[in-house]
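Participant: Just the structure for this:
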Amino acid sequence: TQPIAGVVFVLDGVLMGAGDGAYLAWAMLRTLLLMVLPVLALLTLFNYVPLLGNVVAFQDYDVYGAGISGSPFVGFDNFDRIFSDHRFWEVLANTLIIFFTQLVLFFPIPIAIALLINSVMSSRVRAWVQAVVYLPHFFSWVLVITVFQQMLGGAGLIAQWLRQRGYDGFDLMTDPGFFKFLLSAQLVWKDAGWGVIVFLAALAAVNRELYESAAVDGAGRWRRMWHVTLPALRPVIALLLVLRVGSALNLDFEQILLQRDQVGAGASEVLDTYIWWTGINTGDFGYAAAAGIFKGLFCVLMVIAANKVAHMLGEQGVYSRT
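Facilitator: The predicted structure follows:
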């Protein structure tokens, strides 16, 4: 941060001679710029500097020998290996299936919970419900999966309760066909409360006079929600939906890895776990880096496509029309 601070100091001296107006404007921004310097430094160090390591995607990288500087350059051979690997495309398809399942089952739930909490008149009850819904966000995936195992596993509470009454038990934790729905259920329980905060913040900005005017015109609770609340949430919903689609290949690695052996790789293998097992775990870092570049480009294209759809629906999305 020292070079940037030096630039700030030089600009400070230059603008002192540029007039009172320019210097006053700079003085107002100077403190904010200095405050953001540590964040910029961390962002550069941990997000942008590691991008230079993507060069190994074009090398026959030897981590224990030659390193980046001495590994031979192989061009696009690692990408050719990816595109000719039928297992890679199977994993990519499975990743997208799991993502769209989660998108359909998970994304509307924080909106519904936010609308429900916002309709509660008592502020004490509203705060209590929000705290209870938000609490699982702080649980680790190990704890979340353990809770589901104790409830839905073969020796779980529900299966034992059924057996005690003469019914056949079940084990949803090891059912490959149910796995994508299981992941969605775990995600809803853990992170729905986090999404509720965003939508409640958007609802807090809605002009209360709109509700009063709608009530005067004879609109009931459902019509006020449909014609006032949901239109106010549309920009936030569109923005979060675009960002969610942009992370289509970024499923929770830890959540899936912890349950991979229970249902088998055929149902649980996603792009991140496949890169781990075939690339990083075996030392084939060139293959893993090439897969990571493909993943990044794919997500960028998804963001652009989703943002264009948002524009077609009249929303701004991540960026406005040019």
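Participant: And this structure, what are its domain boundaries?
Facilitator: Residue ranges for the domains of the chain, per the TED database: 10-58, 76-313.
Participant: if you average pLDDT over the first one, what comes out?
Facilitator: It stands for domain 10-58. Per-residue pLDDT over domain 10-58 has a mean of 74.
Participant: for the domains of the chain, which one sits closest to residue 64?
Facilitator: Closest of the domains of the chain to residue 64 is domain 76-313, at 7.9 Å (criterion: CB to CB). C-betas here are computed from N, CA, C, even on glycine.
Participant: which parts of stretch 266-273 are buried?
Facilitator: Along stretch 266-273, these residues count as buried under the neighbour rule (16 or more other CB atoms under 10 Å): 267-273.
Participant: low pLDDT regions in the stretch 51-200 of the chain?
Facilitator: 121 (pLDDT under 70).
Participant: Could I get the full set of helices for it?
Facilitator: 67-70, 77-83, 86-106, 108-119, 123-134, 141-152, 157-164, 179-204 (DSSP state H, counting those that start in this stretch).
Participant: Please produce JSON lines containing the ones you listed, extended by distance to residue 234.
Facilitator: Putting the helices of the stretch 51-200 of the chain into JSON lines (distance: least, CB to CB, whole Å) gives the following:
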{"stretch": "helix 67-70", "distance to residue 234": "47"}
{"stretch": "helix 77-83", "distance to residue 234": "39"}
{"stretch": "helix 86-106", "distance to residue 234": "17"}
{"stretch": "helix 108-119", "distance to residue 234": "11"}
{"stretch": "helix 123-134", "distance to residue 234": "22"}
{"stretch": "helix 141-152", "distance to residue 234": "31"}
{"stretch": "helix 157-164", "distance to residue 234": "39"}
{"stretch": "helix 179-204", "distance to residue 234": "10"}
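Participant: Let's have the ones you listed in a markdown table, adding distance to residue 242 and mean neighbour count.
Facilitator: As requested, the helices of the stretch 51-200 of the chain are exported to a markdown table (distance: least, CB to CB, whole Å; neighbours: other CB atoms under 10 Å):
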| stretch | distance to residue 242 | mean neighbour count |
| --- | --- | --- |
| helix 67-70 | 35 | 11 |
| helix 77-83 | 27 | 17 |
| helix 86-106 | 12 | 16 |
| helix 108-119 | 15 | 17 |
| helix 123-134 | 24 | 13 |
| helix 141-152 | 26 | 16 |
| helix 157-164 | 38 | 13 |
| helix 179-204 | 14 | 19 |
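Participant: And those: which comes nearest residue 231?
Facilitator: Minimum separation from residue 231 across these (CB to CB) falls at helix 179-204, 11.2 Å.
Participant: and the angle from that closest one to helix 108-119?
Facilitator: Relative orientation of helix 179-204 versus helix 108-119 (axes from the mean of the first three to the mean of the last three CA atoms, to 10 degrees): 40 degrees.
Participant: Check which element follows helix 179-204 along the chain.
Facilitator: helix 208-216 (DSSP states H and E).
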